[in-house]
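Engineer: model this:
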Amino acid sequence: MKDATHMQLSPTVRTLPNGLTVVMEHLPYVHSVSVGVWIKTGSADESAAQAGISHFLEHLFFKGTQTRTARELMDAIESRGGHLNAFTTREHTCLFAKTLNHHGRTAIAILADIVKHSTFCDLEKERNVILEEIASGKDTPDEYIYDLLSDQTWPGHPLGRPIAGYEETVARTTLDDVRNYKDARYHPQNMYVAMVGNFDQDEFFAQISDEFGALTPQDVSNNGSAPSFNAGLRLESRPIAQNHFACAFPSVGIRDPERYVFDMLSSTLGGGSTSRLFETIREREGLTYAIYSFNSMYLHAGVLGMYAAVAPENLQRTIDLCVDEMHKLQDAPMPEEELLSNREQLKGGLLLALEGTFNRMARMVRSLMIFDRIVPIDEILAGVDAVTAEAVQKSAQKMFTQDRCALAVLGPSGDTPPNVAL
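Structural biologist: Down below sits the predicted model:
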């Protein structure tokens, strides 16, 4: 029997005359709404000199508008039991609010005020906040290792730079730089307003039209090119207790039909507590507390990789065991039972996430940004079901090679660098 939640509810997609896309989904069984303004721009659209400006702009949006202080913006949502926040990724920026459904109109009004009327005040104070955020990331090894890995993997390309930028680029960003970046990227053809929850769609579409319909359309050239993958080793010495390591191999972009194969490969390798890496390296050998794999996909590129944190004396042994598991995936198709288990994990992760209004909103908008349509859930589930053990084996054979491996290690320096013998 098919799940009624994802089968019977269908979102509505409408476009304002100025080109802004509105996507809405009515969920009559919830007591909340998630509202988001999504902009198809992120750190991948920045030049080297601009590194971090998308994130800087996101911060400044919340410093006040022409009619509300920063405190009043937050209070308008939080005093009504809601939550107001934003985030920046490599390929998009999102300003969002989640609140009780009878406060949905307030959420739309506040987000519209932020987008249209922010004054971008307190730039110097917020600059310092961001510099502290960058410093905090460097002080967090299991976060910073990914900056090292991205820089090793895609050097000189926007995808290889940290989303928050660098100290030097943030330090020289001016108010004119921020305004110019917003003026170039924040146009209705490049924006989406999304709403998911318990609300009247016609009523709220009318409000969204009133709030955003006057935005002036202007062509936006979305940057982006496929980066060249750079294999090799990146070491950074630091006097901490563990060595944190992450490796990456080139996979596929998010639009590639083979993406489901790489999701399955990642799930099998290190996607959960029954995965091969977890079973071997944590449960059998007891070498680490945290080990997992990841499949990160963007418009023009993707990487599949692994992460672990281990005692310095166990680094090479752990890498060797990871290589062993990669070889096993290359040497023989996975058993049918393991394939079925990972299919269910992938499908369960998707469907369970969709029980939240924010995740439903994010999926719809990202789908529109990437595919220019909302990909049906059944289509995704069918894609997962279509993956075969032979396809996973073939991808492992093609991908896990010495000349396609980038490795980053952060931690106590050793006498000899670790070796990945593929």
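Engineer: mind listing the strands for the stretch 51-200 of the chain?
Structural biologist: Under the criterion DSSP state E, counting those that start in this stretch, strands of the stretch 51-200 of the chain are mapped to 83-88, 93-100, 191-197.
Engineer: in its sheet, what does the second one sit against?
Structural biologist: Translated: strand 93-100. Strand 93-100 has these partner strands in its sheet, going by DSSP bridges: strand 32-39 (antiparallel), strand 83-88 (antiparallel).
Engineer: returning to what we had before: most neighbours per residue, which of the strands of the stretch 51-200 of the chain?
Structural biologist: Between these, strand 191-197 has the highest mean count of neighbours, a mean of 26, where neighbours are mean count of other CB atoms under 10 Å. Quick note: C-beta positions are derived from backbone N, CA and C, even for glycine.
Engineer: which residue sits closest to residue 316, ignoring its sequence neighbours?
Structural biologist: By the measure of CB to CB, 6 or more residues apart in numbering, the closest residue to residue 316 outside its immediate chain neighbours is residue 418, 5.3 Å from it.
Engineer: closest one to residue 296 among the strands paired with strand 93-100?
Structural biologist: Residue 296 lies closest, by CB to CB, to one member of the strands paired with strand 93-100: strand 83-88, at 15.8 Å.
Engineer: using TSV, lay out the strands of the stretch 51-200 of the chain together with distance to residue 18.
Structural biologist: Compiled in TSV, those are given as follows (distance: least, CB to CB, whole Å):
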stretch	distance to residue 18
strand 83-88	22
strand 93-100	18
strand 191-197	9
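Engineer: residue 347: which of these is closest?
Structural biologist: strand 191-197 (20.7 Å).
Engineer: what's the angle between the helix or strand just after the closest one and strand 32-39?
Structural biologist: For strand 191-197, the following helix or strand on the C-terminal side (DSSP states H and E) is helix 201-212. In this structure, helix 201-212 runs at an angle of 40 degrees to strand 32-39, with axes from the mean of the first three to the mean of the last three CA atoms, to 10 degrees as the basis.
Engineer: buried ones in the very next helix or strand once past helix 201-212?
Structural biologist: As assigned by DSSP H and E, the chain's next helix or strand after helix 201-212 is strand 232-237. Judged by neighbour count (16 or more other CB atoms under 10 Å), strand 232-237 contains these buried residues: 234, 235.
Engineer: mind giving me the packing neighbours of strand 232-237?
Structural biologist: Counting contacts by 3 or more CB pairs under 8 Å, 6 or more residues apart in numbering; DSSP states H and E, the secondary-structure elements packed against strand 232-237 are helix 141-153, strand 406-411.
Engineer: so how far is that strand from its chain's centroid?
Structural biologist: Its chain's C-alpha centre lies 24 Å from the corresponding centre of strand 232-237 when counted by CA atoms, centre = their mean, to the nearest Å.
Engineer: for stretch 183-190, same thing?
Structural biologist: Here the centre of stretch 183-190 is set off from its chain's centre by 21 Å, with CA atoms, centre = their mean.
Engineer: ditto for stretch 395-402
Structural biologist: So, by CA atoms, centre = their mean, the centroid of stretch 395-402 is 25 Å from its chain's centroid.
Engineer: mean confidence score for it?
Structural biologist: Averaged across stretch 395-402, the pLDDT comes to 96.
Engineer: do the same with stretch 176-185
Structural biologist: 96.
Engineer: need the contact partners of it.
Structural biologist: Taking contacts as CB atoms under 8 Å, 6 or more residues apart in numbering, the residues outside stretch 176-185 that touch it are 39, 41, 45, 50, 53, 54, 56, 57, 60, 120, 123, 220.
Engineer: pick out the most distant pair among these.
Structural biologist: Within the contacts of stretch 176-185 (distances taken as CB to CB), the two that end up farthest apart are 123 and 220, at 24.2 Å.
Engineer: and those two? Which one has more around it.
Structural biologist: residue 220 (19 against 16; other CB atoms under 10 Å).
Engineer: how about that one: what's its closest non-neighbour residue?
Structural biologist: Spatially, and ignoring its direct neighbours in sequence, residue 220 is nearest to residue 190 (4.3 Å; CB to CB, 6+ apart).
Engineer: that neighbour: how many residues sit nearby?
Structural biologist: The tally of other residues near residue 190 (other CB under 10 Å) stands at 24.
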